[in-house]
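K.L.:
With the input below, show me the fold.
(one chain, ligands or ions: 1)
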Amino acid sequence: MPNSILSDRLPSISEAGVAKTGSIRCEQASLSGSVSQRACVYCGARVVLNPITDAFHLVHGPIGCASYTWDIRGSLSSGSDLYRHSFSTDLNERDVIFGGAQKLQRAIDEINERYHPPVIFIYSTCLVGVIGDDVEAICREAEKKYAIRVINVQAPGFSGHKSLGYRLAGEALIKLIEPHGGRPKVKAINILGDYNLAGEIWIIKNYFKAMGIEVLSTFTGDASYETLIKSPRASLNIVQCAGSMVSLAEKMEERFGIPYVTLSFFGLDDASSALFKVSDLLGDEAVRKRTKEIVAIESLKTKNNIKPYLPRLKGKKAAIFVGGGFKAISLVRQFKALGMETVLVGTQTGTKEDYEILGSLLHPSAVILDDANPAELEAFMAKRGADILVGGVKERPLAYKMGIAFCDHNHERRHPLAGFVGVENFTREIDRSINSPVWAMARNDCPF
Ligand code: SF4
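P.N.:
Numbers count the residues shown, from 1 in each chain. Model (predicted):
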């Protein structure tokens, strides 16, 4: 295994989160303040469930928790836009003393009078974990009273970090779909771990439609109550963002007998092999033939369209810091295909397996970091001479401060990066950013 940074680490940099040769240290508890950038448990649950477009997302806690709104995910809808509103019980000091149960009951009554949603997710945050409202009992009562689903997501932020929130969201989804299990299977798939950022799930669904494969449900991009409850009938689950959805896929296999496969639609090779994999697992000869045709046409078109950018990108150095390992792995492969070198890669919630794959893909001098803080990222990017950083909203100012290019590969972006069209968008964006004359100017000493 390559990728040790032990020999030349900067002495001022904390050892926490640094991957070591042969013993990658990851999946550790977050250290608040100086090290971790991970969001809280409630945030993890919210980002997974929030894209369910016709659900009512009610935050039971102080108003500050409700600052996580639709725009933390930015997923698009083809139907309802209820999910884009933010609702909170706005607990305050009085509720800490007397409890927030009555306020929650009143909120549920009001929601039903005004919105009539098919499902309400109640996110029980830190304060509820402390004062101990019996949210489960309130949910049971509300389900009986209104004949809708009211599901408690017990996610106090202090109980772990974002990854636990993903698991809790998976459990909430199982509660939602479980009553609809036991029906006969159909030859169709569910897509897990795609949140329809910039309409990506529509792009992927179009490929499957052209191949002749039906998509029953999507978790949770552009999902609705009616589509989700069909999911137990599928014959195969495909899991894209494994970090957030593999626990749900495992539960669906256990409860409904649906096998799953993890794959990625980011990058030419990954998108092509994802489509081939699904056609092999589910399709007949006709489906395989159509898949071959689609991949051949789209690959050729994409290769021709990105060709002019390749000489401008060759030899440039990339740094990556993203949420999960699956995306980091795809990005490393994408940069390799563009003739670029990845000199640093890090994730917030990558697993040991993710880091082992990354280790096998990277040059021995590359740096791998788990759950790094901005100071660590900055120091290692400067040391390795990165030309561009790929990350999320928290990393953007860091890149600009260092005078290097930046590519947003997180929930806030407005253009699709998945599928064949995503490869073109990604290449164009990397070129525009990395070859902008502004970086040379920004790095020069300004006389003013
Ligand atoms: S850590 Fe607690 S108080 Fe803060 S946003 Fe998360 S749930 Fe709310």
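K.L.:
Return the set of buried residues in the helix or strand hosting Arg290.
P.N.:
Element membership of Arg290, judged by DSSP states H and E, is helix 285-306. For helix 285-306, the neighbour count (16 or more other Cβ atoms under 10 Å) marks 287, 290-291, 294-295, 298-299, 302, 306 as buried. Heads up, the C-betas are built off the backbone N, CA and C, glycines and all.
K.L.:
Can you get me a residue count around the closest residue to Gly243 other than its chain neighbours?
P.N.:
Residue nearest to Gly243 in three dimensions, not counting chain neighbours: Gly324, with 3.4 Å by Cβ to Cβ, 6 or more residues apart in numbering. Per other Cβ atoms under 10 Å, the neighbour tally for Gly324 reads 23.
K.L.:
hang on, Gly324 packs against Ser244?
P.N.:
Yes. Between Gly324 and Ser244 there is a contact under Cβ atoms under 8 Å: 6.9 Å.
K.L.:
okay, and the common contacts of the two?
P.N.:
The contact sets of Gly324 and Ser244 do not overlap (Cβ atoms under 8 Å, 6 or more residues apart in numbering).
K.L.:
what about the nearest residue to Gly385 once chain neighbours are set aside, how many residues close to it?
P.N.:
Of all residues not flanking Gly385 in the chain, Lys317 sits nearest, at 5.7 Å (Cβ to Cβ, 6+ apart). When neighbours are defined as other Cβ under 10 Å, Lys317 has 19 of them.
K.L.:
got it, and Leu216?
P.N.:
19.
K.L.:
Could you look up the SS state of it?
P.N.:
Of the three states, Leu216 takes strand according to DSSP: H, G, I helix; E, B strand; the rest coil.
K.L.:
for Lys317, phi and psi?
P.N.:
phi -110, psi 130 (degrees, to the nearest 10).
K.L.:
Can you name the residues that contact whatever residue of the chain ends up closest to the ligand?
P.N.:
Proximity of the chain to the ligand (Cβ to the nearest ligand atom) peaks at Gly157, 2.4 Å away. Residues counted as contacts of Gly157 (Cβ under 8 Å, 6+ apart) are 40-43, 65, 125-126.
K.L.:
any idea of the pLDDT on Gln105?
P.N.:
Looking at Gln105, its pLDDT reads 98.
K.L.:
dump the residue contacts of it.
P.N.:
Counting by Cβ under 8 Å, 6+ apart, the residues that Gln105 touches are 138, 141-142.
K.L.:
roughly how far is the host helix or strand of it from the heart of the chain?
P.N.:
For Gln105, the element it lies in under DSSP H and E is helix 101-114. Offset of helix 101-114 from its chain centre (Cα atoms, centre = their mean, to the nearest Å): 31 Å.
K.L.:
Beyond that helix, next helix or strand please.
P.N.:
Using DSSP H and E, the helix or strand that directly follows helix 101-114 along the chain is strand 119-124.
K.L.:
in the next helix-or-strand element following that following strand, what counts as buried?
P.N.:
Counting by DSSP H and E, the next helix or strand C-terminal to strand 119-124 is helix 126-131. Neighbour-count burial for helix 126-131 flags 126-129 (criterion: 16+ other Cβ under 10 Å).
K.L.:
contacts for helix 126-131?
P.N.:
40, 42, 60-62, 65, 91, 95-96, 99-100, 135, 154, 156-159.
K.L.:
circling back: show me what counts as buried in the helix holding Gln105.
P.N.:
So helix 101-114, judged by 16+ other Cβ under 10 Å, has buried residues 101, 103-104, 107-108, 111-112.
K.L.:
Over to stretch 367-377?
P.N.:
Quick answer for stretch 367-377 (16+ other Cβ under 10 Å): 367-373, 376-377.
K.L.:
pLDDT score assigned to Glu27?
P.N.:
69.
K.L.:
Thr89: what's it in contact with?
P.N.:
Neighbours of Thr89 in contact, by Cβ under 8 Å, 6+ apart: 58-61, 95, 100, 103-104, 107.
K.L.:
go with 10 Å
P.N.:
Contact partners of Thr89, counting by Cβ atoms under 10 Å, 6 or more residues apart in numbering, are 58-63, 65-66, 95, 100-108, 122, 125, 127-128, 133.
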